[in-house]
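K.L.:
No sequence on hand, only this structure:
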Ligand code: CP
């Protein structure tokens, strides 16, 4: 917990954090550990709203949210839309058609309060944040980051484990092309997890050692005693050329089967941000098996996105209480 010095010089605990310091959520690096916990705690309160008969609160009434999704998305787009509606925001969806800078100026003319952006270009969200007055939420930009995915992943882990600090979290797959990975490394590191990365040498994340993570091509070492096994999609659509000999060989060497999963800890949970390539990075019986929390991740996306929208909009937490 952070502390403050009183006039007498005595150290007293700082009041609990109630809002985010940054205007935008562009990167997981925008968040301190304290802010991450605030978002996760707020998401717990938001989750309760989803259990009510009338799943709606007036927290964002009068605020306009524009969803700008210029790359395919099922989970993120849908969960943001549900989150916005549950918070009573006025929402509109834009699918693109002109340059990003022109679109930004057009949007700015309509003065939205929040922009939720998915784009194939790493840095698109930063560009929009520079041009627009609106608060910008990164819903996935190129190979850069996907911070709300990392937040919902942390929220899901927290629901299954007493603490994220000290957990062995093993992330296996296409590390090179994954924006989910970059956000997860930053977030899990901030929360004190012991992060292991594993994949073929051709798909390793360059410079990962500066984040204090372990990186290996040895799948058995990476899985040994893991508390969380997080799989990443092989992103064929981002590949120029061949990164491994064949899908069959990839699955043999890195695919998570029930047999391979036995090397992880006895209560290990299996995660995947989706969409999954069954039979490539994950066997179907693992994806649908008792250790899988993949559909919980999808469900938790709504509560996390409600929390992020709400906290960025700067509304006091008490206002969501019934
Ligand atoms: N995890 C994720 O970003 O999924 P979508 O591409 O379906 O939004």
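P.N.:
Perfect, I can see it now. What you see is a predicted model, and the numbers here were worked out from it, not measured in a lab.
K.L.:
switch to C-alpha atoms for all contacts and neighbour counts from now on
P.N.:
OK.
K.L.:
Is any residue of the longest helix along the chain near the ligand?
P.N.:
Taking DSSP state H as the assignment, the helix of the chain that covers the most residues is helix 294-312. No - Helix 294-312 is not in contact with the ligand by CA under 6 Å from any ligand atom; minimum separation 8.0 Å.
K.L.:
Does anything pack onto that helix? Which helices or strands?
P.N.:
Helix 294-312 is packed against helix 33-49, helix 75-86, helix 147-160, strand 269-271, with contacts defined by 3 or more CA pairs under 8 Å, 6 or more residues apart in numbering; DSSP states H and E.
K.L.:
and the host helix or strand of residue 126, which residues are buried?
P.N.:
Following DSSP states H and E, one finds residue 126 within helix 124-131. Within helix 124-131, the residues scored as buried using 16 or more other CA atoms under 10 Å are 124-126, 128-129.
K.L.:
same thing with stretch 222-240?
P.N.:
Those would be 222-234, for stretch 222-240 by 16+ other CA under 10 Å.
K.L.:
now do stretch 50-61
P.N.:
Neighbour counts over stretch 50-61 (16+ other CA under 10 Å) mark 55-57, 59-60 as buried.
K.L.:
JSON lines for those, including pLDDT, secondary structure and distance to the ligand?
P.N.:
Rendered in JSON lines, the data for the buried residues of stretch 50-61 read as follows (pLDDT from 0 to 100; DSSP: H, G, I helix; E, B strand; the rest coil; distance: CA to the nearest ligand atom, whole Å):
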{"residue": "55", "pLDDT": "95", "secondary structure": "coil", "distance to the ligand": "22"}
{"residue": "56", "pLDDT": "95", "secondary structure": "coil", "distance to the ligand": "23"}
{"residue": "57", "pLDDT": "96", "secondary structure": "coil", "distance to the ligand": "24"}
{"residue": "59", "pLDDT": "94", "secondary structure": "coil", "distance to the ligand": "24"}
{"residue": "60", "pLDDT": "96", "secondary structure": "coil", "distance to the ligand": "23"}
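K.L.:
Get me the contact residues on the stretch 1-150 of the chain for the ligand.
P.N.:
Looking at the ligand, the residues of the stretch 1-150 of the chain close enough under CA under 6 Å from any ligand atom are 73-77.
K.L.:
hmm, who's touching the helix holding residue 126?
P.N.:
Here helix 124-131 makes contact (CA atoms under 8 Å, 6 or more residues apart in numbering) with 24, 26, 100-101, 104-105, 108, 117-119, 135-138, 141.
K.L.:
Next one: residue 118 from residue 87, what distance?
P.N.:
Separation of residue 118 from residue 87 (CA to CA, to the nearest Å) stands at 21 Å.
K.L.:
er, residue 48 actually
P.N.:
Counting by CA to CA, the gap from residue 48 to residue 87 is 13 Å.
K.L.:
Of these two, give the one with the bigger neighbour count.
P.N.:
residue 87 (24 against 11; other CA atoms under 10 Å).
K.L.:
Residue 235 versus the more buried one, what's the distance?
P.N.:
For residue 87, the distance to residue 235 equals 33 Å [CA to CA].
K.L.:
And residue 158, by the same measure?
P.N.:
27 Å.
K.L.:
can I get the buried residues of helix 124-131 in TSV with pLDDT?
P.N.:
Formatted as TSV, these follow (pLDDT from 0 to 100):
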residue	pLDDT
124	94
125	95
126	95
128	93
129	93
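K.L.:
Farthest pair within those residues?
P.N.:
Largest separation among these by CA to CA: 124 and 129, giving 8.6 Å.
K.L.:
What residues of stretch 107-124 count as buried?
P.N.:
Applying 16+ other CA under 10 Å to stretch 107-124 flags 107-108, 112-120, 122-124 as buried.
K.L.:
Now intersect the residues you listed with the helices, please.
P.N.:
107-108, 124.
K.L.:
Give me the local confidence score for residue 246.
P.N.:
In this model, residue 246 is scored at 88, pLDDT.
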